[in-house]
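> Give me a 3D structure for the following:
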Amino acid sequence: MDPRQKEIINTFFYPQSMVVIGVSLTKLNLGKIIILNNLQRKFAGRLYGISTENGTVEGVPVFSSIADIPEIPDVAIIITPANTVPAFMEDCGKKGIKQVVIETGGFSEYSNEKNSLESEVLEIASRYGIRIVGPNCVGVGTAETGMMNAFGLFVREEKESNVSVISQSGGIGNTFIRILNDNHLYWQKFASVGNKLDLDEVDFLEFFLDDPKTEMVMCYLEGFKRGRSFYHCALNSNKPIIVLKSNRTEASSRIAQSHTTALSTGDDVVEAMFRQTAVIRVEGEEDLRTAAKAFKLPVVRGNRVAVLSRSGGHAVITADACSKYDLDMIPFPPDFIEKLKSIYTTRVINHQNPLDLGEIFDYTIFIKILDEALQLDGVDGIIFNHLYQPSYEAASSRTFLNAVGELVKKYGKPVYISLTSNAEEILDITKNHPYPTFTSPLQAVQAYSLSLNYMRNRTARDTRGDVPDFGLDRDMIDSVWSVCEKAERIPLTDEALDICRSAGIIPVKQARITGAADLDRVSLDYPLALKVLSSKASHKTDVGGVALDLKNREEVESAIAAMVRSMQQHPDKPPVDGFLLQEMAGKGEEFFIGAKRDATFGPVVMVGYGGVYIEILNDVSMRLAPVTEKQAGTMIDELIMAPLFKGVRGRKPLDREALVNALCRISSLMSRDERIKELDLNPVIVHEKGKGVSVVDARVFFTS
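Below is the predicted model:
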């Protein structure tokens with residue numbers, strides 16, 4: 001991280017002095033609450049207030065002018081009406097204040113006409129070298145010092161933790177803090193970024209990933225200001241990043257636009273980015289709670305799980321959950337079974353996985369069994385269903401949790417404990433005991449699965465290899481681009497295939513003709529495919545512009561005539577710019593390769609099962625480009641139709657390596673030429689293993 005940027009953000013989190021602009025001396029308002037909040041949280045820094053007149057609030061000096069403050073505060077917090085903010089920014093600049101939190105709303109989230117207000121604030125900030133958090137936020141906080149910019153009263157935490165929070169919404173950020181505090185997880189630092197006029201989620205994410213006191217980052221985001229930068233930041237993270245990302249639909253997009261001016265990004269792109277960078281995505285508060293607890297335990301190394309349960313019924317429920325989440329309940333080895341027999345004697349229950357401990361009431365035996373199970377090389381993690389009566393087992397259960405915590409530290413393997421007891425007891429354990437517990441077998445299994453998926457995605461991320469270095473014929477692209485720019489049209493099919501050729505993807509043998517009269521100069525082998533070329537009909541099948549398996553000249557001439565009639569009879573009457581003749585590709589399965597330039601994340605590449613039913617099947621895998629060969633292979637393996645590459649029902653395997661190569665080349669092309677806005681190869685016919693692929697059709701759209 002840039003040292004100067006780090007110093008700026010560090011000052012926001014560790015100010016020696018702060019001034020709150022917008023404090024009432026006569027009534028309780030939000031500005032006064034900020035001062036009271038810091039006083040009751042025992043923030044040790046110097047506090048000042050700005051009001052319409054001089055006075056004090058609980059001993060804190062309040063001035064009518066920023067110029068009258070006896071020092072230059074490290075941070076100013078502005079919480080006044082939006083139209084007053086520029087003047088206060090000007091006063092901050094003249095005073096020499098370099099860090100400002102603008103908690104005021106009413107800038108761009110309510111009216112596009114007020115964007116000029118943001119521009120005015122940015123101009124002042126630029127002139128004086130001021131950095132801004134907000135507007136429309138609740139600022140930042142540091143549990144360690146008690147400092148809190150928020151205008152809500154938060155009791156000082158019993159202790160700080162290693163979890164830091166970034167939130168686009170102040171309300172959701174406050175919810176995150178309450179979830180962490182109520183589950184004995186606590187927090188380290190908090191940043192509410194609001195409209196992200198200046199500092200944004202990437203700035204704080206970089207800071208937290210570099211912060212030795214932060215080991216886990218939790219985010220609530222409605223949109224990404226610098227999507228590609230977020231991607232690169234997460235790509236290099238060695239800390240879990242948990243994200244609740246909203247603004248996924250048209251309805252939520254309208255609300256987010258009025259809330260924090262967040263623009264919607266296609267959720268498929270966001271999902272691909274998260275998977276590619278090993279970001280843990282959660283769907284709501286309950287998932288967030290489960291994830292936060294899961295990553296307080298060691299990251300699980302594999303899916304081999306041992307289930308220990310004080311109830312046979314709960315063991316069965318857990319087994320179903322393990323099956324649903326593809327966890328492998330491995331058989332216990334014979335020497336472990338013999339060890340169990342030496343620890344306790346059972347008269348009814350078999351020694352198997354899941355292990356029913358319903359006959360045992362000795363907590364020391366539970367610990368001995370856990371100790372032995374954690375030593376098994378074939379066990380990656382344990383799920384323990386703990387059912388008990390708090391009236392006589394409360395103290396024993398807390399001692400048990402303490403002992404489990406020590407075993408987890410000793411062996412570096414997670415133990416996910418599902419608690420079943422009365423509500424008061426579970427609430428007390430959750431809030432007051434440091435060992436993370438879960439409220440059902442399903443939730444414990446979900447926590448295991450979250451950790452497992454993170455481990456797998458992170459391993460794939462960190463072992464992805466290098467992006468292939470392909471050549472690129474820029475002259476060929478320049479030629480097509482020049483023609484299309486002059487004619488103000490999209491590339492025709494043969495031109496789009498030339499762009500593929502520039503990346504080293506060779507289409508089937510073909511020839512462009514203007515009509516039947518040109519057939520004499522064509523040297524292609526029958527059977528042939530005929531496709532209409534039209535700048536106004538990119539979907540050729542929709543206008544009757546495709547004829548396949550034409551066996552002789554007569555059939556070609558007849559197909560040309562039929563296509564001309566079809567175009568003339570079409571309601572839009574698209575022009576006929578020529579025809580493309582191609583040799584028919586050999587047998588294979590139709591896939592597609594696509595790419596687009598996302599407004600937030602830049603070049604994106606995708607692969608899927610193709611043909612005319614591409615939109616119906618929706619069998620697609622996506623990544624941000626460029627991708628490595630290993631990443632491209634993983635994308636193919638994620639498809640529903642991936643078994644075709646191994647051979648199914650007596651059919652030979654398809655050429656996965658050839659499709660990987662083509663996917664990587666398109667990925668490279670999109671990353672290296674910013675003029676290409678969108679590109680589709682459909683179909684890409686994948687032949688038997690060793691026989692390559694045939695690219696027979698393509699569409700390309702240039703940026704405006």
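> which residues of the stretch 51-200 of the chain fall in helices?
85-95, 115-128, 170-182 (DSSP state H, counting those that start in this stretch).
> Repeat that for the stretch 251-400 of the chain.
267-277, 285-294, 312-324, 334-343, 363-374, 390-411.
> hang on, the earlier thing: would CSV of the helices of the stretch 51-200 of the chain with mean pLDDT and mean neighbour count be doable?
Using the backbone N, CA and C atoms, a C-beta is placed for each residue, glycine as well. Below are the helices of the stretch 51-200 of the chain laid out as CSV (pLDDT from 0 to 100; neighbours: other Cβ atoms under 10 Å):
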stretch, mean pLDDT, mean neighbour count
helix 85-95, 97, 19
helix 115-128, 92, 16
helix 170-182, 94, 19
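> Dump those into a markdown table; add distance to Ile34 as well.
Putting those into a markdown table (distance: least, Cβ to Cβ, whole Å) gives the following:
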| stretch | distance to Ile34 |
| --- | --- |
| helix 85-95 | 15 |
| helix 115-128 | 20 |
| helix 170-182 | 12 |
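> how far does stretch 96-107 stretch from start to finish?
Across stretch 96-107, the straight-line distance between its terminal residues is 24 Å, by Cα to Cα, to the nearest Å.
> so how far is that stretch from its chain's centroid?
29 Å (Cα atoms, centre = their mean, to the nearest Å).
> What of stretch 368-387?
32 Å.
> now swap in stretch 77-96 and tell me
Going by Cα atoms, centre = their mean, where stretch 77-96 is centred and where its chain is centred differ by 35 Å.
> quick one: buried residues of stretch 484-501?
Using 16 or more other Cβ atoms under 10 Å as the test for burial, stretch 484-501 gives 484, 489-501.
> so where's this structure shaky on pLDDT?
Counting by pLDDT under 70, the chain contains low-confidence residues at 108-115, 248-265, 346-349, 611.
> Leaving out chain neighbours, which residue sits closest to the residue most central in space within it?
Residue closest to the average C-alpha location in the chain (Cα atoms, centre = their mean): Phe274, at 3.0 Å. Computed as Cβ to Cβ, 6 or more residues apart in numbering, the closest residue to Phe274 that is not its neighbour in sequence is Arg281, at 5.0 Å.
> what's across from that neighbour in the sheet?
Assessed by DSSP bridges, Arg281 has beta-bridge partners Val243.
> Verify the stated contact: it with Glu271.
Yes: counting by Cβ atoms under 8 Å, Arg281 does reach Glu271; the two are 7.2 Å apart.
> okay, the two: which has more neighbours?
Arg281 (18 against 15; other Cβ atoms under 10 Å).
> And the more buried one, how far from Gly170?
22 Å (Cβ to Cβ, to the nearest Å).
> Okay, domains of the protein per the record?
Domains of the chain are assigned by automatic domain parsing as 3-294, 305-462, 509-584, 589-702.
> Among those, which comes closest to Arg474?
domain 589-702 (7.5 Å; Cβ to Cβ).
> circling back: dump the domains of the chain to a markdown table, plus distance to Gly471.
Below are these laid out as a markdown table (distance: least, Cβ to Cβ, whole Å):
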| stretch | distance to Gly471 |
| --- | --- |
| domain 3-294 | 25 |
| domain 305-462 | 27 |
| domain 509-584 | 22 |
| domain 589-702 | 9 |
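> out of the ones you listed, nearest to Met476?
Comparing the domains of the chain under Cβ to Cβ, the one sitting nearest is domain 589-702, at 10.9 Å.
> quick one: the nearest residue in space to Met18 that is not next to it in sequence and Leu36, what's the gap?
Nearest non-adjacent residue to Met18, counting by Cβ to Cβ, 6+ apart: Val75, 4.8 Å away. If you measure Val75 against Leu36 using Cβ to Cβ, the figure is 17 Å.
> Check the buried residues of stretch 484-501 and tell me the two furthest apart.
Most distant of the buried residues of stretch 484-501, by Cβ to Cβ, are Arg489 and Arg501, 19.7 Å apart.
> can you pull out the strands in the stretch 101-250 of the chain?
Assigned by DSSP state E, counting those that start in this stretch, the strands in the stretch 101-250 of the chain fall at 131-133, 140-142, 147-148, 163-167, 189-192, 216-221, 241-245.
> winner for burial among those strands?
Among these, strand 189-192 has the highest mean neighbour count (mean count of other Cβ atoms under 10 Å), at a mean of 28.
> sorry, back to before: just list whatever residues bridge to the residue nearest to Met18.
Met18, Gln99.
> Pull the contacting residues for it.
Thr11, Phe12, Pro15, Ser17, Met18, Val19, Ile97, Gln99, Val100, Val101, Asn149 (Cβ atoms under 8 Å, 6 or more residues apart in numbering).
> Are any of the residues you listed buried, and if so which?
Among the contacts of Val75, the ones that count as buried (16+ other Cβ under 10 Å) are Phe12, Pro15, Ser17, Met18, Val19, Ile97, Gln99, Val100, Val101, Asn149.
> Relative to Val202, which of these is nearest.
Out of the buried ones among the contacts of Val75, the member with the shortest distance to Val202 (by Cβ to Cβ) is Phe12, at 15.1 Å.
> Nearest residue to Val404 in space, please, no chain neighbours.
For Val404, the closest residue by Cβ to Cβ, 6+ apart turns out to be Val415, at 5.4 Å.
> which residues does the one you found bridge with?
Going by DSSP bridges, Val415 forms beta bridges with Ile382.
> What residues does it make contact with?
So Val415 contacts Leu297, Leu370, Leu374, Gly381, Ile382, Ile383, Phe384, Val404, Leu407, Val408 (Cβ under 8 Å, 6+ apart).
> Against Asn162, how distant is it?
Taken as Cβ to Cβ, the span from Val415 to Asn162 is 20 Å.
> mind listing the helices in the stretch 501-650 of the chain by residue range?
According to DSSP H, counting those that start in this stretch, the helices that the stretch 501-650 of the chain contains are 553-569, 614-617, 629-637.
> Neighbours of Ile666, how many?
The burial count for Ile666: 33, using other Cβ under 10 Å.
> Surely it is in a strand?
No: checked against DSSP: H, G, I helix; E, B strand; the rest coil, Ile666 lies outside a strand; its state is helix.
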